[in-house]
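# structure for this input, please:
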Amino acid sequence: ANRTSNSAATMDGDNDWTYRTLNFTSRSTDAFGAIVIGLNVAGNVSEAYYSDIVLEEVSPTDRTAVSTGARTAVSNRVGVKDFSTCLLFAGGATTDQVDITHKTNQLLTTGFTFSAWIMPRSLGGGSTGVVLAKSTGVNGNDGWTLQMLSPERIVLVVNNGTSRSSAAASVPVAKGKWTHCIVTVDENALVSHYINGVASGVVGTTGALSGITTVNTMRIGNRVDAANRAFDGAIDKVRVFNKVLTQTEINDLHFKDKLPTGNLIAEYLFDEGSGSTAFDTSSNENNGTITGATYSTDVAVSPRTTI
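Next up is the predicted model:
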């Protein structure tokens, strides 16, 4: 492409994003694609919507706006690139981790949902690198642990109960690729996994949620009581809900990055880019302290079905 023509920016009242349509032209007169870019309120690029159809043909000499007003719906979208940052955990014998001081809203005894984008480079320490944990032992004792498991799976265990994992055969949590992992646990300790929005593994019970009693920190990237389960790879958009998300809410979260109303206990977008604090962007101020882990711009390209 040799230049672009852009639309007037518009404000979305739902989430305070500004959207701008960029129509790219080739060195000939043929338009070949369009991108809708989301700007945050500070005017910084946050995400881009890639479309494989042309919204409107633009000639090489056209510098005028091609559309104004509300955002234009498009079909056949390929994906969304988040132009922010994630956290990279080195694995091995490191202490790369994010520690979140205990609050009672982390006990999650009435059902919960975990959501995280992960890109493992290996299975991590002990071949069971931890994504998220709050416990007193390696088996989620007095709490819970979400970690990697061979081959290419994630597994959740509550209070030394039965471990419940996703299925590698259906949608694997592959090394070197971004995967969206969602795990729900209802009030009866029934565990369900969703990998990239698709149900995965056998639904089954783990330890009783009444056993979640520890006041230990909540930790991203390693087990809480030791440092021998280091996650090896990148983690982004970690979210904790104190409810079981419905299938519709799971679809909205995966395909639209749309959060359900209420019940968000903690959210870590890792968009700070520098510093040692991972800010909780829910309203609960469960801020985390980053040790060792470093910021990376190698973030996920996630799907979108509507603008």
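# rest of the way, CA atoms for contacts and neighbours
Fine.
# so residue 190 touches residue 202, yeah?
No: using C-alpha atoms under 8 Å, residue 190 is not in contact with residue 202; the gap is 10.3 Å.
# which of these two has more residues huddled nearby?
A count of neighbours by other C-alpha atoms under 10 Å puts residue 190 above the other of residue 190 and residue 202, at 17 against 13.
# what residues are up against that one?
Listed by C-alpha atoms under 8 Å, 6 or more residues apart in numbering, the contact partners of residue 190 are 184, 203-206.
# for residue 288, same thing?
Listed by C-alpha under 8 Å, 6+ apart, the contact partners of residue 288 are 98-101, 277-280.
# for the stretch 1-150 of the chain, which spans come out with low pLDDT?
1-83 (pLDDT under 70).
# for the protein, just list every one of the helices.
Along the chain, the segments classed as helices by DSSP state H run 247-256.
# could you export stretch 238-249 as PDB, CA atoms only?
Written as PDB, here are the backbone C-alpha positions of stretch 238-249 (Å, rounded to 0.1, in the frame of the first residue of the first chain):
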ATOM      1  CA  VAL A 238      -6.200 -12.800  33.100                       C
ATOM      2  CA  ARG A 239      -9.700 -12.500  34.500                       C
ATOM      3  CA  VAL A 240     -11.400 -13.900  37.600                       C
ATOM      4  CA  PHE A 241     -15.200 -14.000  38.000                       C
ATOM      5  CA  ASN A 242     -17.100 -15.100  41.100                       C
ATOM      6  CA  LYS A 243     -19.800 -16.700  39.000                       C
ATOM      7  CA  VAL A 244     -20.000 -19.500  36.400                       C
ATOM      8  CA  LEU A 245     -20.200 -17.800  33.000                       C
ATOM      9  CA  THR A 246     -22.900 -19.000  30.700                       C
ATOM     10  CA  GLN A 247     -22.200 -20.300  27.200                       C
ATOM     11  CA  THR A 248     -23.400 -17.000  25.800                       C
ATOM     12  CA  GLU A 249     -21.100 -15.100  28.100                       C
END
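# quick one: average confidence on that stretch?
The pLDDT scores in stretch 238-249 average 97.
# determine how far it lies from the middle of the whole chain.
Relative to its parent chain, stretch 238-249 has a centroid offset of 12 Å by C-alpha atoms, centre = their mean, to the nearest Å.
# next one: stretch 135-148
Relative to its chain's centre, stretch 135-148 lies at 21 Å (C-alpha atoms, centre = their mean).
# begin at 54 from here
Sure thing, new numbering starts at 54, so read that last one as stretch 188-201.
# now the terminal residues of it, how far apart.
Stretch 188-201 has its terminal residues 16 Å apart, counting by C-alpha to C-alpha, to the nearest Å.
# contacts for it, please.
Outside stretch 188-201, the residues that reach it (C-alpha under 8 Å, 6+ apart) are 160, 176-177, 180-187, 207-214, 264-267, 269, 271, 276-278.
# in that stretch, what's buried?
188-201 (16 or more other C-alpha atoms under 10 Å).
# excluding sequence neighbours, find me the nearest residue to residue 341.
Excluding the flanking residues, the one nearest residue 341 by C-alpha to C-alpha, 6 or more residues apart in numbering is residue 153, at 4.4 Å.
# just checking, the one you found touches residue 274?
No: at 11.6 Å, residue 153 does not count as touching residue 274 under the criterion of C-alpha under 8 Å.
# more neighbours: which of the two?
residue 274 (32 against 24).
# now the more buried one: how far from residue 343?
Computed as C-alpha to C-alpha, the residue 274 to residue 343 distance reads 10 Å.
# between these two, which contacts overlap?
149-151.
# so what's the closest residue to residue 161 other than its chain neighbours up against?
Leaving aside its chain neighbours, residue 161 sits nearest to residue 295 (5.8 Å; criterion: C-alpha to C-alpha, 6+ apart). By C-alpha under 8 Å, 6+ apart, the contact list for residue 295 reads 161, 163-166, 316-318.
# one more: residue 317?
Residue 317 touches 292-295, 335, counting by C-alpha under 8 Å, 6+ apart.
# switch the cut-off to 6 Å
Contacts of residue 317 were listed using C-alpha atoms under 6 Å, 6 or more residues apart in numbering, and they are residue 294.
# check contacts around residue 141.
Applying C-alpha under 6 Å, 6+ apart to residue 141 gives the contacts 286-287, 346-348.
# about what we covered before: among the contacts of stretch 188-201, which ones are buried?
Taking 16+ other C-alpha under 10 Å as the criterion, what is buried in these is 160, 176-177, 180-187, 207-214, 264-267, 269, 271, 276-277.
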